[in-house]
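**Student:** Turn this into a structure:
(2 chains)
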2 protein chains.
Amino acid sequence: MQTYLDCLPCFLSQALKVARMTTEDERVHREIMDRVMGQLSKLPFELSPPEIAQNVYSIIKKITRNDDPYREAKKEQNELAVKLYPEFKKRIAESVDPLFFALKLAIAGNIIDLGIRKDIADIKGEILSTFDAPLKVNHYAEFRQDIENSAMILYLGDNAGEIVFDKILIEEIRKIKESKVYFVVRGFPIINDVTLEDAELVGMEEVAEVISNGFDAPGTILSKSSPEVLELFSAADMIIAKGQGNYESLSNEEKNIYFFLKAKCFVVAKDLGVEEGDTLLKKAKHSPKGSFFHPGGGTSNVGVHS
Amino acid sequence: MQTYLDCLPCFLSQALKVARMTTEDERVHREIMDRVMGQLSKLPFELSPPEIAQNVYSIIKKITRNDDPYREAKKEQNELAVKLYPEFKKRIAESVDPLFFALKLAIAGNIIDLGIRKDIADIKGEILSTFDAPLKVNHYAEFRQDIENSAMILYLGDNAGEIVFDKILIEEIRKIKESKVYFVVRGFPIINDVTLEDAELVGMEEVAEVISNGFDAPGTILSKSSPEVLELFSAADMIIAKGQGNYESLSNEEKNIYFFLKAKCFVVAKDLGVEEGDTLLKKAKHSPKGSFFHPGGGTSNVGVHS
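**Tutor:** Predicted coordinates:
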């Protein structure tokens, strides 16, 4: 997805928020805003929003010399989600279709996004309310079939807190088929996105191999990804891409990608053809038809579904 | 009121909106946004938001060569308000205190502000709903007393449409005391603010002497005002300042000003110490105590009220 002019006010709002989180010095806030506006006026808008965001946040990091202003916030989000884990785990186990309920929870967990949201008064309440809403786009049937047929899955993580629910989903996926799952985190801190530290905190290594993508954008920018991630991206039978950032950066890729997200702003909602606030389990529009078929579990280029 | 960093995203949103109203050429939209960001990064924030807005809109005017993109919108707003005039006029006449109801209507009419609001789905419904809400700050007792004591009133207009309700209020004011009222409009088109054309359309000259302030900011910038307006500003017994723009540009003046407005954004609400969406009839905080007293209707510097 390209960056739209409508994203500019949002970048400025985010920059101001982070500036204020980092220091009380209003001259620094002003310096950040001026530098960010200067930079935004030069960037090509063919770049995706996460690429622009990487530029914006790198200015803030340089000026404030604080490369992880969301460190404490992320810790709190993870701890809260860990507390919710037993209850949600039980709900899923008791549900008619645990995979479906786990994926809905993984999407609902995506609301924990300090990059856009102003406040998290009651994460649990918001998660439950999002959890209860029907998916606006629901490619679950194909998703489940692909899960059954996949030997290797690339799971692109998004935010702290939410990662606890990602783990639950991977547990449910591996109950259906013991596929090899790679869980990708951001290479360096960016907003409240997951890094190796968060993956360790929630014990992600128990269910997946955790790898870093090698850079600090709030999305998956293939041109900046590590060779390892690129190889896995190419070889994976299916890719689960969590959150807006991963959608924004991969929406045009011709791969078997399932986007799990809540459309948190009207720009992304418009790009998706849904309303702001809608939740989606959406197969990539350029997903190659019949990209693979595994009668015995192997990978092939001949497919029968989608 | 100074400009806050929080105003920057809002200026960009407004610029984009006007850019799109003026042309469908996305390269022009981008050029406008880039130039606006460049300009914003250079302006001192001691300037009030209307002064910054004047700069922003002048860039748009230059690039698009359209000095009145809101022309049609203003016409529609005026026509709609003129249609509502008989009904509201009747409601006011039948009310217990026509002056109070007329001023509430004049404040409610202030919601017609395309500079900030995104859509006007049902102006009448919104006006009625604002009309019914209690004033968060209500200096009506002092206002009424000042009306009774004023020989000369300066009335600073704000938006098209709303000007119809300004006229009703001036009619009610002059029923209480036949004071001389000057109605000030912007010198040149700016957003949907009133100019001489709007005043003529609604027949403002029937109840007040209409004068132009000589410039095109969405507020009253004294340093740019015509000598005539400055003289009236200095000599007036009281000043009625409509809308956010006039509040933002005059909030620190030591004059007997009554601000009529709805706090349409959180920045102005915070500056006023109220919540976003609240409506106010607020006497200026630096209003000179006992600025005048008219036992017989004249003007003096000795006062008994406020």
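
**Student:** check contacts around the residue lying closest to residue A:274 once chain neighbours are set aside.
**Tutor:** Computed as C-beta to C-beta, 6 or more residues apart in numbering or on different chains, the closest residue to residue A:274 that is not its neighbour in sequence is residue A:136, at 4.8 Å. For glycine as for every other residue, the C-beta is placed from the backbone atoms N, C-alpha and C. Residue A:136 makes contact with A:274-275, A:278-280, according to C-beta atoms under 8 Å, 6 or more residues apart in numbering or on different chains.

**Student:** try 10 Å this time
**Tutor:** A:262-263, A:269, A:272-275, A:277-282 (C-beta atoms under 10 Å, 6 or more residues apart in numbering or on different chains).

**Student:** Just the pLDDT at it, thanks.
**Tutor:** At residue A:136, the pLDDT value in this model is 96.

**Student:** Check residue A:217 and give its pLDDT.
**Tutor:** 95.

**Student:** nearest spatial neighbour of it, skipping sequence neighbours?
**Tutor:** Using C-beta to C-beta, 6+ apart, the closest residue to residue A:217 is residue A:54 (3.7 Å).

**Student:** ditto for residue A:6
**Tutor:** Per C-beta to C-beta, 6+ apart, closest to residue A:6 is residue A:267, 4.9 Å.

**Student:** ok, that neighbour touching residue A:45?
**Tutor:** No - taking C-beta atoms under 10 Å as the definition, residue A:267 is not a contact partner of residue A:45, at 12.0 Å.

**Student:** Of the two, which one has the most company?
**Tutor:** residue A:267 (20 against 17; other C-beta atoms under 10 Å in any protein chain shown).

**Student:** show me what contacts the more buried one?
**Tutor:** Applying C-beta under 10 Å, 6+ apart, the residues near residue A:267 are A:1, A:3-7, A:10, A:49, A:244, A:248, A:276.

**Student:** Closest one to residue A:33 out of these, please.
**Tutor:** residue A:10 (13.5 Å; C-beta to C-beta).

**Student:** For stretch A:247-263, buried residues please.
**Tutor:** By neighbour count on 16 or more other C-beta atoms under 10 Å in any protein chain shown, the buried set for stretch A:247-263 is A:247-251, A:253, A:255-263.

**Student:** what's the span of it from first residue to last?
**Tutor:** 10 Å (C-alpha to C-alpha, to the nearest Å).

**Student:** quick revisit: now, which of the buried residues of stretch A:247-263 lie within helices?
**Tutor:** Here DSSP state H is the test, and those give A:247-250 as lying in helices.

**Student:** Let's have those in JSON lines, adding pLDDT.
**Tutor:** Below are those laid out as JSON lines (pLDDT from 0 to 100):
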{"residue": "A:247", "pLDDT": "97"}
{"residue": "A:248", "pLDDT": "97"}
{"residue": "A:249", "pLDDT": "97"}
{"residue": "A:250", "pLDDT": "97"}
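
**Student:** Hmm, residue A:37 is touching residue A:43, no?
**Tutor:** No - under the criterion of C-beta under 10 Å, residue A:37 makes no contact with residue A:43, lying 11.2 Å away.

**Student:** Common neighbours of the two, please.
**Tutor:** A:11, B:34.

**Student:** Compare neighbour counts for the two and give me the winner.
**Tutor:** residue A:37 (24 against 15).

**Student:** Excluding chain neighbours, what is closest to that one?
**Tutor:** residue B:37 (3.9 Å).

**Student:** how much space between residue A:95 and chain B?
**Tutor:** 40 Å (C-beta to the nearest C-beta, to the nearest Å).

**Student:** And for residue A:2?
**Tutor:** 11 Å.

**Student:** part of a strand, is that residue?
**Tutor:** No - applying DSSP: H, G, I helix; E, B strand; the rest coil, one finds residue A:2 to be coil, outside a strand.

**Student:** Name the nearest of the buried residues of stretch A:247-263 relative to residue B:212.
**Tutor:** Distances from residue B:212 to these, taken by C-beta to C-beta, are shortest for residue A:263, at 46.6 Å.

**Student:** Look up how far residue A:88 lies from the closest one.
**Tutor:** 23 Å (C-beta to C-beta, to the nearest Å).

**Student:** cool, residue A:241 as well?
**Tutor:** Applying C-beta to C-beta to residue A:241 and residue A:88 gives a distance of 22 Å.

**Student:** Residue A:50 too?
**Tutor:** Following C-beta to C-beta, the distance that separates residue A:50 from residue A:88 is 28 Å.

**Student:** next one: residue A:286
**Tutor:** Taken as C-beta to C-beta, the span from residue A:286 to residue A:88 is 33 Å.

**Student:** And these two? Which one has more around it.
**Tutor:** residue A:88 (22 against 13).

**Student:** If I follow the layout properly, the more buried one ends up in contact with residue A:131?
**Tutor:** Yes - the criterion here is C-beta under 10 Å, and residue A:88 meets it with residue A:131 at 8.7 Å.

**Student:** and for the two, which residues touch both?
**Tutor:** A:101, A:105, A:108-109, A:165.

**Student:** Let's see the pLDDT reported for residue A:124.
**Tutor:** At residue A:124, pLDDT is 74.

**Student:** And residue A:277, by the same measure?
**Tutor:** Residue A:277 is given a pLDDT of 91.

**Student:** Check residue A:24 too.
**Tutor:** So residue A:24 comes in at 96 (pLDDT).

**Student:** re the thing from before, to what extent is the residue nearest to residue A:217 buried, counted in neighbours?
**Tutor:** 20.

**Student:** which secondary structure elements does the helix or strand containing it contact?
**Tutor:** Here residue A:54 sits within helix A:49-64, counting by DSSP states H and E. Judged by 3 or more C-beta pairs under 10 Å, 6 or more residues apart in numbering or on different chains; DSSP states H and E, helix A:49-64 is in contact with helix A:7-22, helix A:26-40, helix A:243-250.

**Student:** Between the ones you listed, which one is closest to residue B:184.
**Tutor:** With C-beta to C-beta as the yardstick, what comes closest out of these is helix A:7-22 (31.3 Å).

**Student:** Flag every buried residue along that closest one.
**Tutor:** So, applying 16+ other C-beta under 10 Å, buried residues of helix A:7-22: A:7-20, A:22.

**Student:** Quick check: of these, which lies closest to residue B:187?
**Tutor:** residue A:9 (28.7 Å).

**Student:** Next up, the contacts around the closest one.
**Tutor:** Taking C-beta under 10 Å, 6+ apart as the test, what residue A:9 contacts is B:8-16, B:33.

**Student:** And residue A:28, how far from residue A:40?
**Tutor:** For residue A:28 relative to residue A:40 (C-beta to C-beta), the value is 18 Å.

**Student:** ditto for residue A:284
**Tutor:** On the measure of C-beta to C-beta, residue A:284 and residue A:40 end up 28 Å apart.

**Student:** and those two? which has more neighbours close in?
**Tutor:** Between residue A:284 and residue A:40, residue A:40 has the larger neighbour count (other C-beta under 10 Å), namely 24 against 20.

**Student:** any idea how far residue B:242 is from that one?
**Tutor:** 35 Å.

**Student:** could you measure the residue nearest to residue A:274 against chain B, distance?
**Tutor:** 22 Å.

**Student:** got it, and residue A:7?
**Tutor:** For residue A:7 relative to chain B (C-beta to the nearest C-beta), the value is 10 Å.

**Student:** All good on my end, thank you.
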